[in-house]
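Visitor: would you be able to build a 3D model of this:
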Amino acid sequence: MSLSALIEFLRRELAPTPGRGSATFRLTLACLAATIPILTHHIPEGLLVMIVMYLITQEDTAATLIGSVLGVIGVTIGLGLGLLAWQISIDTAWLRICLFFAFFFGGLFLKRVLTIGALGTAIGLPAGLVMIIPDIFPPSPEALVEFVLWIWWSVILGLLVNGVVQYLLAPGDPLMLLRHELDTRLKAVGQLLRRLAGEAAAGPAPAESLKSLAIAGMSRPLALLKTSALIHKWARARHEVLATLITLMDRLVTAATALQALAPRTAEAGQRERLLNAAEACERMRHAFAEMRLPAHDEWKALAAWQAAAAPSPLSDIERTLDEIALALPRYAEKPNQAEAAAAEKPRLFLPDAFDNPEYVRFAVKGSLAALICYVLFIGFDYPGIYTSVITCFVVALSTIGASNQKGILRFGGAAVGGLMGLIALMYLFPNVETIGGFWLVFGAGTAVAAWVNFGTPRISYGGYQVGLAFYKAVFQGFGHGFGQATSATNLRDRVIGVFFGLIVFGAVEHLLWPVRARDALRARLSEMLRALAQLARAGAGGQTPAEIDADVDARRRLVAEKVNDIQVLIESSKFESGDFKVSEIQKATGDGQIIFVLLLSLARERRDVPQSNEIQIAAAELDGAIAASLEGFAGRAAGGAEPPPAGLEEALNVFERATRSDALDREAIAYFDARLQLYRILVATIERLSVEFLDTDAQRDRASKREMLLGRREVQID
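Guide: Residues are numbered from 1 along each chain as shown. Prediction:
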């Protein structure tokens, strides 16, 4: 990365985003409050008090409290296991080394297979570190036990102080915050559309608000959704549709940002009408969200109907995205079936393939082996100051090389920046500080910088934690000399060396032993998602009972949801691997895959036993088969295959439509098949767009354009 590109990246990532300032203030205040007991009682491990605050603090109270409870449980179990292991290994070095490897292996394995992976870190990392403490601080066993107890108390103190501050000052329910996030995006897009149409709109300049929302991306809404699903049955039962809604909202903001950059100062008459219609649609959707629902089909008029055949543009993307939200999502969001409701009441502790997938064992072996090498080497070289290398191997051990590279860069960069900040404070600021007020001023400024970075996007947030960690390592080392003063910067130097050494060792092990590239994993997950969608399209085609169909649909639903989550993580990780690889097509295909997912679930849910002829049954089975075959063809393309998906999808839809126009159907059956037919039309149009993203040929583009135009005309007739 060039210097100019790095500066642009930092400028973009450090720009203000919604909620970032308030979260920074709360964390800074919590850290300042924690210094009172630390300085008053000379707590030897005051650094840990700050560390747990950065690790636990989230932007909503519920996530912070859940993380605090899990942190207490995990650290207590981990330190307890370490103390028990000392009973048999304190005087036997080789046994401690074996237990160290076992604890790290167990922690890394749990980190991957638990649905809340941080709990595995909270258990395995403290237990493993207890095993190396006698090699870092070799006094009597009594002093070592006291040291471990101080560690436990420091963690509890940090969680308590942070929990109180967050509970008193943080916003409340994550589901309400999620609704506010979606409302903010709709409001910003609506304001922009009205301004481009020549109407005055209240509120901040849309260019600035949209810019901050585009920088924030989906990370905050997805984090709020994760917490909402943990504590709200309503959100848990609608997790997939809410995740799809977040993706579509992000697409809406992206299209609006592009429109802002490309739109002329004065809009033409026809375009002005389209801008105002889209702005009004945003307002209608905001009102629907205020009532915790999506717009009903009968209150929405398709925006992109007559414009479907036009050349792609940001405005047409806005219209189409609003249509997809209003026409596709409400059918699945309204009433979960019994199988989905029952599944929503039982959150799982482990991933479905936790004990079947050998990848998790390989992952744990790689991380544990790298940590063991660092442990043996720093003992052999008699350099305990670089024990940070062992911790580095644990925290940068992630599922792919790209993810590990990303975290490694942030860890080393954050350690360097935080160390420099701490060194400046020690050399030039603290020598002139004589009161607690002056100490708090310097300490609060350093904390605010680290917290601001910490609450950025996932591309940079871990670097903020590392900045704070290195800064506090300097600040809390010199209680005997006054407020944060010290006579040596050795520990700062050793930390940077330890981090660098750990990254080198782990990188070598990761590249030599079962390497997993994010880009390869990304294509594999996308292929698996599309194959799971194909299986979902065939659900109920084998003559199962309704209960068996519901169970089959629910199993496919969970599988697709997990693959979507994996893809969203891997997209960011792939950006930190060398080589020319564009992820924009994968991002678009994932978004369209989520829409297909919700539509297939809607079709599966609304399947009812209504009077129908053999002709309709055969036509429906052929259409479902054609949809599944197309999705399997796209899955093959995603996995690197060259064969194009099979044709015949449009013909199968036309056959089904003709079959449902029978005069023998009663009014209830006609209404039922009309509803299914519209879902199928939207589904086929989305698959055609997916075809363009995968094949990108002129013929496919023309075909998709005609398909969307036909869909639009039919929607107008229905409305």
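Visitor: right, and G456 touches R11 too?
Guide: No: G456 is beyond contact range of R11, at 12.0 Å (criterion: CB atoms under 8 Å). Glycine gets a C-beta too; all of them are placed from N, C-alpha and C.
Visitor: higher neighbour count, those two?
Guide: Between G456 and R11, G456 has the larger neighbour count (other CB atoms under 10 Å), namely 21 against 9.
Visitor: quick one: secondary structure of the more buried one?
Guide: Classification of G456 using DSSP: H, G, I helix; E, B strand; the rest coil returns coil.
Visitor: count the neighbours of the nearest residue to it once chain neighbours are set aside for me.
Guide: Counting by CB to CB, 6 or more residues apart in numbering, G456 lies nearest to E13, which is 5.3 Å off, once chain neighbours are set aside. Look at E13: counted by other CB under 10 Å, it has 16 neighbours.
Visitor: wait, what's in contact with E13?
Guide: Residues counted as contacts of E13 (CB atoms under 8 Å, 6 or more residues apart in numbering) are 215, 456-457, 459-460.
Visitor: can I get the residues you listed in a markdown table with pLDDT?
Guide: Shown next, in a markdown table, are the contacts of E13 (pLDDT from 0 to 100):
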| residue | pLDDT |
| --- | --- |
| I215 | 70 |
| G456 | 84 |
| T457 | 78 |
| R459 | 78 |
| I460 | 87 |
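Visitor: save those as a markdown table, and put in distance to L377 too.
Guide: Converted to a markdown table, the contacts of E13 look like this (distance: CB to CB, whole Å):
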| residue | distance to L377 |
| --- | --- |
| I215 | 41 |
| G456 | 34 |
| T457 | 35 |
| R459 | 32 |
| I460 | 31 |
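Visitor: is it true that A416 touches V496?
Guide: Yes: taking CB under 8 Å as the definition, A416 is a contact partner of V496 at 6.1 Å.
Visitor: what's the overlap in contacts for these two?
Guide: A470.
Visitor: how much space separates L327 from L599?
Guide: 10 Å (CB to CB, to the nearest Å).
Visitor: can you check A639 too?
Guide: Distance from A639 to L599, by CB to CB: 23 Å.
Visitor: so between these two, which is more surrounded?
Guide: More crowded of A639 and L599, by other CB under 10 Å: L599, with 28 against 14.
Visitor: list the contacts of the more buried one.
Guide: 328, 332, 679, 682-683, 686.
Visitor: does V564 touch Q594 like I think?
Guide: Yes: proximity of V564 to Q594 meets the contact threshold set by CB under 8 Å, at 6.1 Å.
Visitor: tell me where the stretch 101-250 of the chain has helices.
Guide: 118-136, 141-169, 174-196, 206-216, 219-231, 233-237, 239-262 (DSSP state H, counting those that start in this stretch).
Visitor: out of the ones you listed, nearest to P37?
Guide: helix 141-169 (6.5 Å; CB to CB).
Visitor: the closest one - what's its average pLDDT?
Guide: Per-residue pLDDT values over helix 141-169 give a mean of 87.
Visitor: can you find the helix or strand in this structure with the smallest mean pLDDT?
Guide: Counting by mean pLDDT, DSSP states H and E, the chain has its least confident helix or strand at helix 698-718, which shows a mean of 43.
Visitor: so R459: helix, strand or coil?
Guide: R459 ends up coil, using three-state DSSP.
Visitor: can you list the low-confidence ranges for the stretch 301-450 of the chain?
Guide: 304-312, 331-347 (pLDDT under 70).
Visitor: what sits against G67?
Guide: 55-56, 58, 118.
Visitor: likewise for V113?
Guide: V113 touches 120, 350-351, 354-355, 360, counting by CB under 8 Å, 6+ apart.
Visitor: and the nearest residue to L410 once chain neighbours are set aside, which of the three is it?
Guide: Closest residue in space to L410, ignoring its immediate chain neighbours: G463 at 3.9 Å, by CB to CB, 6+ apart. Put simply, G463 is helix when judged by three-state DSSP.
Visitor: let me know the pLDDT of G463.
Guide: 91.
Visitor: neighbours of it, how many?
Guide: 25.
Visitor: report the contact partners of it.
Guide: G463 makes contacts with 410-411, 413-414, 417, 453, as judged by CB under 8 Å, 6+ apart.
Visitor: can you lay out those as CSV showing distance to V569, neighbour count and secondary structure?
Guide: CSV is the format used below for the contacts of G463 (distance: CB to CB, whole Å; neighbours: other CB atoms under 10 Å; DSSP: H, G, I helix; E, B strand; the rest coil):
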residue, distance to V569, neighbour count, secondary structure
L410, 15, 23, helix
R411, 18, 24, helix
G413, 21, 16, helix
G414, 20, 25, helix
V417, 25, 19, helix
V453, 20, 26, helix
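Visitor: pull the most distant pair out of the residues you listed.
Guide: R411 and V453 (12.9 Å).
Visitor: before we move on, back to that, can I get the helices of the stretch 101-250 of the chain in a markdown table with mean neighbour count?
Guide: What follows is the helices of the stretch 101-250 of the chain, written out as a markdown table (neighbours: other CB atoms under 10 Å):
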| stretch | mean neighbour count |
| --- | --- |
| helix 118-136 | 22 |
| helix 141-169 | 18 |
| helix 174-196 | 22 |
| helix 206-216 | 19 |
| helix 219-231 | 21 |
| helix 233-237 | 17 |
| helix 239-262 | 21 |
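Visitor: and A279, which of these is closest to it?
Guide: Of all the helices of the stretch 101-250 of the chain, helix 174-196 comes closest under CB to CB, at 3.9 Å.
Visitor: then the closest one to CSV, C-alphas only?
Guide: What follows is helix 174-196, C-alpha atoms only, in CSV (Å, rounded to 0.1, in the frame of the first residue of the first chain):
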residue,chain,number,x,y,z
PRO,A,174,-30.4,-3.2,20.9
LEU,A,175,-33.6,-3.9,18.8
MET,A,176,-34.7,-0.3,19.2
LEU,A,177,-31.1,0.8,18.2
LEU,A,178,-31.3,-1.4,15.2
ARG,A,179,-34.5,0.1,14.1
HIS,A,180,-33.0,3.6,14.6
GLU,A,181,-30.0,2.6,12.4
LEU,A,182,-32.3,1.5,9.6
ASP,A,183,-34.5,4.6,10.0
THR,A,184,-31.4,6.9,9.9
ARG,A,185,-30.4,5.4,6.6
LEU,A,186,-33.8,5.8,5.1
LYS,A,187,-34.1,9.4,6.3
ALA,A,188,-30.7,10.3,4.8
VAL,A,189,-31.5,8.7,1.5
GLY,A,190,-34.9,10.5,1.4
GLN,A,191,-33.3,13.9,2.2
LEU,A,192,-30.8,13.4,-0.6
LEU,A,193,-33.5,12.5,-3.1
ARG,A,194,-35.6,15.5,-2.2
ARG,A,195,-32.7,17.9,-2.4
LEU,A,196,-31.7,16.5,-5.8
